[in-house]
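Peer 1: Compute the structure for the input listed below.
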Amino acid sequence: MAHTKRGNPLLTAAAALALLAAGGASWGGWSWYTAAHDESTADAVTRDEVLAAGEQAVQNMNTLDHRDLRRGLDTWQASATGDLLAQLRDGRPQFERQIQQARTVTSAKVLSGAVTELDTRAGRASVMVALRITVTPPKGKPAAKESRMLGELTRTAGGWKLSSLGQAPVGTTSGPATAAD
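Peer 2: Numbering: from 1, shown residues only. Below you'll find the model as predicted:
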């Protein structure tokens, strides 16, 4: 009569659990690897970098204190590249005189921002940033206004920098559209 030997059920359960744990770890590792190397994840990270750089640069370009003019204009230049940087450098002496005469303090606060275009291969991006800009004259009360700015950014060795900046168009001047239009 042959005697069959049964295995230890505790050992069998432990082996099964170890096998499941190894499979789960492998799956988790593969998932992490594919997510880390997924192009859409890289694009999302770049988009976040562009938005942060764009918002900061637009805020910098709308903030200036006549009492610390050199530092403010240096910050402007550090935020810019290309034609915009050249314009800032070329116009700096005249602009310094104007701000010293006006004796104003201008500060900007970012209300919201969005990346409107991103071409990582070409190293170009566009942002729209809504700001609240407050201008404080030497005498009188501060005046605040909200503004939307469009910025073009270029990737440089020092990160994303503004290569152009302008006002975003707001509405139309012709009034509401009618059925006859």
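Peer 1: residue nearest the centroid of this structure?
Peer 2: residue 51 (1.4 Å; Cα atoms, centre = their mean).
Peer 1: Can you name every helix or strand that the helix or strand containing that residue contacts?
Peer 2: Using DSSP states H and E, residue 51 maps to helix 39-61. If you count contacts as 3 or more Cβ pairs under 8 Å, 6 or more residues apart in numbering; DSSP states H and E, helix 39-61 packs onto helix 69-78, strand 105-119, strand 124-136, strand 143-156, strand 159-167. Backbone N, C-alpha and C define where each C-beta goes, glycine included.
Peer 1: Which is the succeeding secondary structure element to it?
Peer 2: Using DSSP H and E, the helix or strand that follows helix 39-61 in sequence is strand 64-65.
Peer 1: what's that following strand in contact with?
Peer 2: Under the criterion Cβ atoms under 8 Å, 6 or more residues apart in numbering, residues 72-73, 76, 99, 104-107 lie in contact with strand 64-65.
Peer 1: Which strands border it, and is each parallel or antiparallel?
Peer 2: Paired with strand 64-65 in the same sheet, following DSSP bridges, are strand 105-119 (antiparallel).
Peer 1: Report the inter-axis angle for the partner strand versus strand 143-156.
Peer 2: Between strand 105-119 and strand 143-156, the angle comes out at 40 degrees (axes from the mean of the first three to the mean of the last three Cα atoms, to 10 degrees).
Peer 1: Just list the residues touching residue 57, thanks.
Peer 2: 79-80, 151, 153, 160-162.
Peer 1: Could you give the separation of the helix or strand bottoming out on mean pLDDT in the chain from the chain centroid?
Peer 2: Lowest mean confidence among the helices and strands of the chain (mean pLDDT, DSSP states H and E): helix 9-36, at a mean of 76. Using Cα atoms, centre = their mean, to the nearest Å, the distance from the centre of helix 9-36 to the centre of the chain it belongs to is 39 Å.
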